[in-house]
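**Student:** Below are the sequence and a predicted model; questions follow.
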Amino acid sequence: MRKIIITIDGYSSCGKSTVAKQLARKLDYVYIDSGAMYRAITLYFLQNRIDWTSTPAVVEALKNIHLEFVPNTHTGTADMFLNDENVEHLIREMLVAEKVSEVAAVKEVREFAVAQQVKMGVRKGIVMDGRDIGTVVFPHAELKIFMTADITIRVQRRFKELYAKNPNITIDEVKQNLELRDYIDANREISPLRKAEDAIILDNSHLTMEDQLALVMQWV
Ligand code: C5P
């Protein structure tokens, strides 16, 4: 079968990566988590005390950042490596989540990440999730999905995930972080989160994983 590009955009914690992984496994495609790239850049900026409001500082810092997705045989997906270090766990921490949307709004950061994402799609056969994949990274993708889900359901899902790693986390903290990220992502000047005109909406608030996969496979 002809290989295509599938883009999945949407708000934070809608289950984009779950659908993307399901599809990639079913179709034997490569799954790319574009958010991991913005998270890894944010981690680097935090670790090295880079002031991301200063363009020269950002430009200089980006020269020292090498990002790579390395396949993980245990999970069946890829781990994010930052300058040859596996940062898959570190980038999921709240410290990074709190700042990532600010960093992702910086023009030079987006240009850096998007250039690499575009290259990953050259041979097609990929599913990439994020915020601007159908609008900016792959405007000509064959299938574009825009995901939504009720905010209460999204908060519950995210809380469950984070609580497993950090029992001190509160529901309020998670809700505030999701709402703030969504606000910044949807209102930034460059590549704001929005539905591509030709994207299909997938509201998975009340779908089981099986129903969800069956539905998107029809679209494929
Ligand atoms: O997908 P995830 O929640 O891990 O993404 C983290 C953050 O990275 C988002 O809140 C958003 O600010 C940024 N992002 C983006 N564009 C993408 C993917 C993620 O701006 N394509």
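**Tutor:** That came in fine, so what should we check first?
**Student:** And the residue nearest the centre of this protein?
**Tutor:** In the chain, the residue lying closest to the centroid (C-alpha atoms, centre = their mean) is residue 35, at 2.8 Å.
**Student:** Could you check which helix or strand contains residue 212?
**Tutor:** helix 209-219 (DSSP states H and E).
**Student:** residues in contact with the helix or strand of the chain with the lowest mean pLDDT?
**Tutor:** Within the chain, no helix or strand scores below helix 151-165, which has a mean of 92 by mean pLDDT, DSSP states H and E. Defining contact as C-beta atoms under 8 Å, 6 or more residues apart in numbering, one finds that helix 151-165 is touched by 11-15, 92-94, 169, 171, 174-175, 178-179, 205. In this view, the C-beta of every residue, glycine as well, is placed from N, C-alpha and C.
**Student:** Apply the buried test to those residues and list what passes.
**Tutor:** Buried by 16 or more other C-beta atoms under 10 Å: 11-15, 169, 174-175, 178, out of these.
**Student:** Among those residues, which one sits closest to residue 40?
**Tutor:** Nearest to residue 40 among those is residue 12, at 17.0 Å by C-beta to C-beta.
**Student:** ok now do that closest one, which residues does it touch?
**Tutor:** 154, 158, 178, 181-182, 185.
**Student:** name the element it belongs to?
**Tutor:** For residue 12, there is no host helix or strand (DSSP H and E).
**Student:** coming back round to it: tell me which strands and helices the helix or strand following the least confident helix or strand of the chain is in contact with?
**Tutor:** Next helix or strand after helix 151-165 toward the C-terminus (DSSP H and E): helix 171-187. Helix 171-187 is packed against helix 94-104, helix 151-165, with contacts defined by 3 or more C-beta pairs under 8 Å, 6 or more residues apart in numbering; DSSP states H and E.
**Student:** which of these is buried the deepest?
**Tutor:** helix 94-104 (a mean of 19; mean count of other C-beta atoms under 10 Å).
**Student:** tell me what that one is packed against?
**Tutor:** helix 34-47, helix 171-187.
**Student:** Columns distance to the ligand and pLDDT on top of the buried ones among the contacts of helix 151-165, output as a markdown table?
**Tutor:** As requested, the buried ones among the contacts of helix 151-165 are arranged in a markdown table below (distance: C-beta to the nearest ligand atom, whole Å; pLDDT from 0 to 100):
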| residue | distance to the ligand | pLDDT |
| --- | --- | --- |
| 11 | 9 | 95 |
| 12 | 5 | 93 |
| 13 | 7 | 92 |
| 14 | 9 | 93 |
| 15 | 11 | 92 |
| 169 | 16 | 93 |
| 174 | 12 | 94 |
| 175 | 14 | 96 |
| 178 | 9 | 94 |
